[in-house]
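In: This is a predicted model, with the sequence first.
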Amino acid sequence: MTATLPADHPLRLELHEEVHARPSEALQTPLRLTFLALASDASTRQREWQHVRDLAARFGHELPEQALGHLSTDLGAFRLKFERHSEFARYKFIVPGVPDTPFANPAIEAIPADWLAALPGHVMVAAHATLVKAAEDDAMSDRLANEHFSGNIVIGSRIADGAGEAFTDFRLHDGYSHFLVRNRSMTPRQAGRMVQRLLEIETYRMMALLALPVAQKLTPYLSAAERELSTITQLLAASTETDEPHLLDRLTRLEAGIESRESENAYRFGAAAAYHELVQRRIEELREQRIQGLQTFREFTERRLAPAMNTCRAAAARQESLSQRVARATQLLSTRVDVTREKQNQAVLESMNRRAAAQLRLQQTVEGLSVAAITYYIVGLVGYAAKGAKAAGLAINPDLAMAISIPVVLLLGVWGLRRVRKALSRH
C-alpha cells in the first residue's frame, strides 16, 4: 500500500528536474559541430523560440509553441541543440563525419543561410569543433599549428585524464574559433561532456570580458572623482560657515554621480566574477594533462583572463571605496552644517527672547502711561462733577474732591489692568 503524502510544493518538479537541465550530448566520433552564442535579453525569449520552431518546420518537425529553456532534436540533416540562458542563447549544430581537412566543411553549411542571418541577438561566440579519432602518428606542435591553425601558437592538452586531446589557438578564422578534439578512449557521453566544457570555457570567457570595457571606461571617471573628493576635503578643513553649503552641494553632486555609476555597473561586475568562476570550474572539469611544448587551457586562460578580471575587481573595489569615502565626507560636512544651524537657531531664539523682553518692558511702560492717562481723565470727570454739585448748593470743594479721588482712581486703574492681564494669560 502506497502512503498518501501531502500536496507537492508548486515548484517541486521544476526544482527536481533542474539537476537534469541542459545535459551534454552523446557525440559519436567522428563529427563536426558548429556552436553559436548570441547575447540577448529576456525580451527576445519568445522570438528566439519561434525562430527555432521555424527551423524545425523547414525540416518537417513540429515543436510546441510554449518556449522551452533547452531543446535537443534530430532534424535529419543535422542535430540541433538549443539552450536559453539569462544573458545569451546557445545553438549547436552537429553533423556526423569529418572530411580529410577537419575544418573544411563545417556543420554550419547544413543550416539555411537566411535563417542564420535572421537569428535574434548579437554574436558573442562562433566556433567550429571537430571530433576525430586519434592515431599514433597524430601531428604535434608546429606541424599541428601549420596544418589546422594557420601557423598560430596552439594551446592544448590531454583531457579526461588522458582519454582525449583538445587543441585550439583562441583565434578567429573567418569569424569562427576552431577546436580540434581527438578521441583516444572517450565514450560518446564523455566526449560530449568534454566538447561542451571547451565551448563553455570560450562562452563564459567572453561573457566575463564584457566587464573589461566597463572597467576601462570607469577608470578615468574614478580618477577625476577622487581628485574632486580630495579638493573638497582640503577645502573642508579650512572652511567657514559660509562655505559649508557650497561644499555640501559639491559633495552631494559627486555622491549622486558615483551612486549612479555604481548602480549601472554593479550587475556587470558581479556577472563577470560569476562567469570567471565558471571558466575556472570548467577548466578543472577537463582534467588536463600536459602535452610537452604546449600551454594548457588553464595556463593560457590564467595568463590572459586573470589580469582582465583583476582589473574589473580593482575597478569595482575602487568604486565601492570611493562611494564610502564620499559618504563619510558628506556625513561629516552634514554634521558641521547641522551644528552651524543649531548655533543659528540658538542665536535666533536669543534674539527673540531679547525682543520679547523689550516688548514686555515697553508694554509695562505703556500700561503705566495708560493708568496715568485714565487717572487724569477720571479725576477731571470727578472735578466737573464736584463743580456741578457746588453750583447746585452742596458744600463741596471741587479741588479737594479731585485730590482725594486721585489715589483711589489710580489704585482702581492698576487693579483693573492686572485683572485684564491675568485673564489674557489664562487664555
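Out: Thanks, I have it.
In: SS state for Leu305?
Out: For Leu305, the secondary structure call by DSSP: H, G, I helix; E, B strand; the rest coil comes out as helix.
In: ignore the last one, Leu131
Out: strand.
In: now swap in Ala127 and tell me
Out: Three-state call for Ala127 (three-state DSSP): strand.
In: Now for it: which residues touch it?
Out: 34-35, 176-179, 199, 202 (C-beta atoms under 8 Å, 6 or more residues apart in numbering). To be clear about C-beta, it is placed using only N, CA and C from the backbone, and glycine gets the same treatment.
In: if you set the cut-off to 6 Å instead, what comes out?
Out: For Ala127, the contacting residues are 35, 176-177, by C-beta atoms under 6 Å, 6 or more residues apart in numbering.
In: Just the residues you listed: which are in strands?
Out: 35, 177 (DSSP state E).
In: Most neighbours among the contacts of Ala127, please name it.
Out: For the contacts of Ala127, the largest neighbour count, defined by other C-beta atoms under 10 Å, is 27 neighbours, found at Phe35.
In: about what we covered before: including pLDDT, could the contacts of Ala127 go into TSV?
Out: Rendered in TSV, the data for those read as follows (pLDDT from 0 to 100):
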residue	pLDDT
Phe35	97
Tyr176	95
Ser177	95
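In: how about stretch 25-41 as PDB, C-alpha atoms only?
Out: The C-alpha coordinates for stretch 25-41 follow below in PDB (Å, rounded to 0.1, in the frame of the first residue of the first chain):
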ATOM      1  CA  GLU A  25      25.100  15.500 -26.000                       C
ATOM      2  CA  ALA A  26      26.400  12.000 -26.600                       C
ATOM      3  CA  LEU A  27      28.900  12.600 -29.500                       C
ATOM      4  CA  GLN A  28      29.900   9.700 -31.800                       C
ATOM      5  CA  THR A  29      33.400  10.100 -33.300                       C
ATOM      6  CA  PRO A  30      33.900  11.500 -35.900                       C
ATOM      7  CA  LEU A  31      31.700  14.500 -36.300                       C
ATOM      8  CA  ARG A  32      31.700  18.300 -37.000                       C
ATOM      9  CA  LEU A  33      30.000  20.800 -34.700                       C
ATOM     10  CA  THR A  34      29.200  24.500 -35.100                       C
ATOM     11  CA  PHE A  35      28.500  26.400 -31.900                       C
ATOM     12  CA  LEU A  36      26.900  29.900 -31.700                       C
ATOM     13  CA  ALA A  37      26.300  32.000 -28.500                       C
ATOM     14  CA  LEU A  38      24.200  35.100 -29.100                       C
ATOM     15  CA  ALA A  39      23.900  37.800 -26.500                       C
ATOM     16  CA  SER A  40      20.200  38.800 -25.900                       C
ATOM     17  CA  ASP A  41      17.900  39.800 -23.100                       C
END
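In: Give me the distance from it to the chain's centre.
Out: 33 Å (C-alpha atoms, centre = their mean, to the nearest Å).
In: Pull out the buried residues from it.
Out: In terms of neighbour count (16 or more other C-beta atoms under 10 Å), stretch 25-41 has its buried residues at 25, 27, 29-40.
In: and if you look at stretch 80-97?
Out: Buried residues in stretch 80-97, counted by 16+ other C-beta under 10 Å: 80-84, 87-95.
In: which pair in those residues spans the largest distance?
Out: Pairwise distances across those peak at 27.8 Å for Glu87 and Val95 (criterion: C-beta to C-beta).
In: hang on, the earlier thing: so of the buried residues of stretch 25-41, which ones are in strands?
Out: Counting by DSSP E, the buried residues of stretch 25-41 place 31-39 in strands.
In: how about these in JSON lines, adding distance to Leu251?
Out: Formatted as JSON lines, the entries for those read as follows, by distance: C-beta to C-beta, whole Å:
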{"residue": "Leu31", "distance to Leu251": "63"}
{"residue": "Arg32", "distance to Leu251": "61"}
{"residue": "Leu33", "distance to Leu251": "56"}
{"residue": "Thr34", "distance to Leu251": "55"}
{"residue": "Phe35", "distance to Leu251": "50"}
{"residue": "Leu36", "distance to Leu251": "49"}
{"residue": "Ala37", "distance to Leu251": "44"}
{"residue": "Leu38", "distance to Leu251": "44"}
{"residue": "Ala39", "distance to Leu251": "38"}
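In: Thr242: which of those residues is nearest?
Out: The closest of these, once distances to Thr242 are taken by C-beta to C-beta, is Ala39, at 53.0 Å.
In: returning to what we had before: take the contacts of Ala127 and lay them out in JSON lines including distance to His70.
Out: What follows is these, written out as JSON lines (distance: C-beta to C-beta, whole Å):
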{"residue": "Phe35", "distance to His70": "14"}
{"residue": "Tyr176", "distance to His70": "23"}
{"residue": "Ser177", "distance to His70": "22"}
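In: okay, Arg290: pLDDT?
Out: On pLDDT, Arg290 comes in at 92.
In: contacting residues for it?
Out: If a contact means C-beta under 6 Å, 6+ apart, then Arg290 has Thr296 as its contacts.
In: picking up where we left off before, where strands are concerned, which of the buried residues of stretch 80-97 count?
Out: Among these, DSSP E puts 80-84, 88-95 in strands.
In: out of the residues you listed, who's nearest Ile374?
Out: Phe88 (96.4 Å).
In: How about that closest one: which residues does it bridge to?
Out: For Phe88, the residues forming beta bridges with it (DSSP bridges) are Ala39.
In: Confirm for me that it is in contact with Ala39.
Out: Yes - under the contact definition of C-beta atoms under 6 Å, Phe88 touches Ala39, with a separation of 4.9 Å.
In: before we move on, the earlier item: for the buried residues of stretch 80-97, which one is nearest Glu350?
Out: Within those, proximity to Glu350 (C-beta to C-beta) peaks at Glu87, which comes in at 63.6 Å.
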